[in-house]
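Participant: Mind looking at a prediction? Sequence and model below.
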Amino acid sequence: MPIASDQAVVIWGEVLWDRFPDGPQLGGAPANVAWHLGLAGGWAQLVSRVGADDDGARAIEQLSRACDTSLVQIDPERPTGEVEVRIQHGEPRYRLVPGCAWERIACTEDVKRAVEEASVLVYGTLAQRTAAGLDGWRSAVAAARGSCLKVCDVNLRKTETGEIEQGVAVMEAIAAADVVKVNDRELARLAEWQGWRDPIQVLRDRRVLAVTHGAAGSTLYGEAGVVEVPGMPAAPGGDNVGCGDAFIALLVHGMTLGWDLALSGRVASKWAAAVAGARGATPAFTDEQVEGLLSEALA
């Protein structure tokens, strides 16, 4: 069942800078989702937290081109988030820098009001890695209406708190969701953590389960059955950073516009491939590129 396109989307989670060897790129999975949703013609309010520094100001300035950043908080003590990125065998490898602003996103009264009015709440799993972040996220989820579609973009990273501790917060995030996106590697890690023999069967009891397979495409499990989405070729010279975030952004965008799951998946796959052909998670596509990526849906 599609949701109305004129209702609000709120995205909760980290904003940070991906420090590549050749220079920084704006990132953070939820921020990437907000960016691509905006480029595709949607609009969202981003709830995050940055430092009172140049990195934070630059992040807000860039993101404001694609989404509402009025709910991005300024932390007077902690710096804007960053993660060191290296590409190994075509895949990104990350090292999170701890003690940054996004680890304590707060559910302020303004945020609570926005979530109460939202028809879609999108969140990752990384911003819940600390006690403060988990408490803030719990308050936001509690504020959401029963009819609000909750979308969890699973994003597993090794942290100094340990994989098992992070896994507790991840499972709580999944349990609250109506839509879950996970890649093959994350699905295997979840199965190992939880002792699941058949993780697909465990996770299929929700409106949509999206399992991405990298260049091989994705499998979407929905209320009407299973949809296999073929992978799309990516132009050489890019990287895979942010491809999954772009995919879930366009999948959610399609749902808000009433596209069926198969069309939403195909457009999401095409968009993710375009991101894989660029450097970093938040490339700026031209109007002509956007029209081409959305051509099937616009026909």
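Facilitator: In hand now; what should we look at?
Participant: quick one, what contacts the nearest residue to residue 216 once chain neighbours are set aside?
Facilitator: If you skip the residues right next to it in sequence, residue 216 has residue 231 as its closest partner in space, 5.0 Å away by C-beta to C-beta, 6 or more residues apart in numbering. Every C-beta, even on glycine, is put in place using the N, C-alpha and C of the backbone. Going by C-beta atoms under 8 Å, 6 or more residues apart in numbering, residue 231 touches 213-218, 269, 273.
Participant: what is the rounded mean pLDDT of stretch 156-175?
Facilitator: What stretch 156-175 shows for mean pLDDT is 69.
Participant: returning to that earlier point: roughly how far apart are the residue nearest to residue 216 and residue 206?
Facilitator: With distances taken as C-beta to C-beta, to the nearest Å, residue 231 is found 24 Å from residue 206.
Participant: can you check residue 218 too?
Facilitator: The spacing between residue 218 and residue 206, counted by C-beta to C-beta, is 16 Å.
Participant: Those two - which one has more neighbours?
Facilitator: Neighbour totals were compared for residue 218 and residue 206, and residue 218 leads with 25 against 17 (other C-beta atoms under 10 Å).
Participant: the helices in the stretch 51-200 of the chain, which residues?
Facilitator: In order along the chain, the stretch 51-200 of the chain carries the following helices (DSSP state H, counting those that start in this stretch): 54-63, 109-117, 131-143, 163-175, 184-194, 199-203.
Participant: In helices, which of the contacts of residue 231 fall?
Facilitator: Of these, the ones assigned to helices by DSSP state H are 269, 273.
Participant: For the contacts of residue 231, pick the one with the most neighbours.
Facilitator: Using other C-beta under 10 Å as the neighbour definition, these reach their maximum at residue 218, which records 25 neighbours.
Participant: Having no further points to raise, I will conclude here.
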